[in-house]
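> no sequence on this one, just coordinates:
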Ligand SMILES: NC(=O)c1ccc[n+]([C@@H]2O[C@H](COP(=O)([O-])OP(=O)(O)OC[C@H]3O[C@@H](n4cnc5c(N)ncnc54)[C@H](O)[C@@H]3O)[C@@H](O)[C@H]2O)c1
C-alpha cells in the first residue's frame, strides 16, 4: 500500500518536473521567436531571402479573373510554370492571352470545382501533362450575397463545394507528391469574412471560417508528422475590387486592389509565412470581438462601420453556368 503511494507520488513529481522543464524551454524559445519575427518585420522584402519560384509548377484555382488572373501573370513573370483552373472558358482564355502576350507559357484547364470527380480527373491530367505541383493556391471562390432565408439550398451547397470542399479534393490530389519529394506549399485563400461574420454571408462567411480551420489543422498535421518542408499559408483579405462584391461600398476602408492582393500573397508565399491578413491593421482589430462587450461590437459594426448597410447594396457578379 505504502509502496504504491510512493511510486505514484514519484511519477507525479516527474510529471511536474517535465511540465516545468518544457515551460521554461518554451519561454526561452519564445524570446527568440519574438525577436526573430520583429527582425524579419523590419527587414524590407528587397533585401531579405525569399523563396525562388523559378521552374516550380504553381497551380492557381480561379485563375480566370480577379486575384487569380493577377497571380497567374505575376507568377509567370517570376519564372514559375503556371497552371490555372476555372469554370469560365472565356476568362481562362483571357488570362492565357495576358500571360502569353508577355512572352510566358501557361496551361489552363476548365474544371468545375463544385464537382469532386471533375477535380480528381483534372488533377490526374495535370500530373501527367505538367508534372508534380509544387505550389497549390486554392483561390477560387463564390458568393451569392443573400440572407439565410433568401438563399436557396443549391446556392448554399455550391458555396460549400467551391469555397471549402474543393480544398479537400485538391490537397488530397497534390499533397502526397509534395510529401514524397520533400517540397511543397499549400495556400488557402480565406477572407476577413472568415474571421468576422458578415451580413448576407451565412454561407460565404461560414465556408471562409472553415478555410481557417482547414489551414490550421493541416498545418498541425504537417508539423506533427515532421513534414517541415511542406509549407502552408492562409490568406485572409478584406474586400477586393474584383467585382465579386460589386455594389458594396465599405464606409471606413476602401476596397483593396487585386494587383496589391496578388503581390502581397506572392511575397507571403515566398517568405513561407503561415498567415497573411490584408490589410495588416485588421490583425489588431480582430481580438476586440472577443474582448469587448457584444453590444459594443454590434454598435461599432452597425453605427460606425455600417458593415451590414454596405452589404445591403450587394449586386455581385453573374454566375458562370
Ligand atoms: N473580392 C473580395 O472582396 C474578396 C475578399 C476576401 C476574399 N476573397 C476571396 O479571394 C478569392 C478570389 O476572389 P476574387 O475577388 O478574385 O473573385 P473573382 O470572382 O474575381 O474570381 C473567382 C474565380 O473563381 C472562379 N470560380 C467560381 N466558381 C467556380 C467553380 N465552381 N469552379 C471553378 N472555378 C470557379 C470564378 O470563375 C472566378 O474566375 C476567393 O476565394 C474569394 O472568396 C475575395
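Great, that's in hand. This is a predicted model, so every value here is computed, not measured.
> contacts and neighbour counts: CA atoms only from here.
Fine.
> how about the residues of the stretch 1-150 of the chain near the ligand?
Contact residues (CA under 6 Å from any ligand atom) of the stretch 1-150 of the chain with the ligand: 62-68, 86-88, 111-114, 139-142.
> switch the cut-off to 5 Å
Proximity of the stretch 1-150 of the chain to the ligand is confined to 62, 64-67, 86-87, 112-114, 139-141 under the rule CA under 5 Å from any ligand atom.
> keep only those of these that are in helices.
Members of those lying in helices (criterion: DSSP state H): 66, 67.
> wait, which of the residues of the stretch 1-150 of the chain next to the ligand is closest to residue 14?
Using CA to CA, residue 139 is the member of these that sits closest to residue 14, with 48.3 Å.
> wait, isn't that closest one in contact with residue 59?
No - Residue 139 lies out of contact with residue 59 (CA atoms under 8 Å); the separation is 9.7 Å.
> which of those two has more neighbours?
Neighbour totals were compared for residue 139 and residue 59, and residue 59 leads with 25 against 22 (other CA atoms under 10 Å).
> how many neighbouring residues does residue 17 have?
12.
> contacts for the helix or strand residue 265 falls within, please.
Using DSSP states H and E, residue 265 falls within helix 258-270. Residues outside helix 258-270 that contact it (CA atoms under 8 Å, 6 or more residues apart in numbering) are 45, 50-53, 66-68, 70-71, 74-75, 185, 187, 233, 235, 237, 240-242, 276, 278.
> report the longest helix in this protein, please.
In the chain, assigned by DSSP H, the helix with the most residues is helix 2-42.
> what is it packed up against?
Using 3 or more CA pairs under 8 Å, 6 or more residues apart in numbering; DSSP states H and E, no helix or strand is in contact with helix 2-42.
> for it, the distance to its chain's centre please.
Relative to its parent chain, helix 2-42 has a centroid offset of 32 Å by CA atoms, centre = their mean, to the nearest Å.
> go on, stretch 185-202?
Distance, centroid of stretch 185-202 to centroid of chain: 9 Å (CA atoms, centre = their mean).
> also stretch 148-163?
On CA atoms, centre = their mean, the centre of stretch 148-163 falls 20 Å from that of its chain.
> show me which residues of the stretch 201-321 of the chain sit near the ligand.
Contacts of the stretch 201-321 of the chain with the ligand, taken as CA under 5 Å from any ligand atom, map to 237, 238, 239, 240, 242, 244.
> can you say which of the residues you listed are buried?
237, 238, 239, 240, 242, 244 (16 or more other CA atoms under 10 Å).
> how about the fifth one: what's its closest non-neighbour residue?
The shortest distance from residue 242 to any non-neighbouring residue, by CA to CA, 6 or more residues apart in numbering, is to residue 66 (5.0 Å).
> so that neighbour makes contact with residue 239?
No - assessed by CA under 8 Å, residue 66 is found out of contact with residue 239, at 12.0 Å.
> and residue 227, that one's in a helix?
No - counting by DSSP: H, G, I helix; E, B strand; the rest coil, residue 227 is not found in a helix; it is coil.
> so what's the residue count around it?
Residue 227: 18 neighbours (other CA under 10 Å).
> residues in contact with it?
179, 182.
> for residue 310, see how far away it is.
To residue 310, residue 227 is 43 Å away according to CA to CA, to the nearest Å.
> what of residue 139?
On the measure of CA to CA, residue 139 and residue 310 end up 24 Å apart.
> check residue 93 too.
33 Å.
> between those two, who's got more neighbours?
Comparing residue 93 with residue 310 by other CA under 10 Å, the one with more neighbours is residue 310, at 16 against 13.
> pretty sure residue 57 contacts residue 80?
Yes - counting by CA under 8 Å, residue 57 does reach residue 80; the two are 6.1 Å apart.
> compare the two (neighbour count), which wins?
In this view residue 57 and residue 80 are compared by other CA under 10 Å, and residue 80 has more residues nearby, 24 against 21.
> contacting residues for the more buried one?
53, 54, 55, 56, 57, 58.
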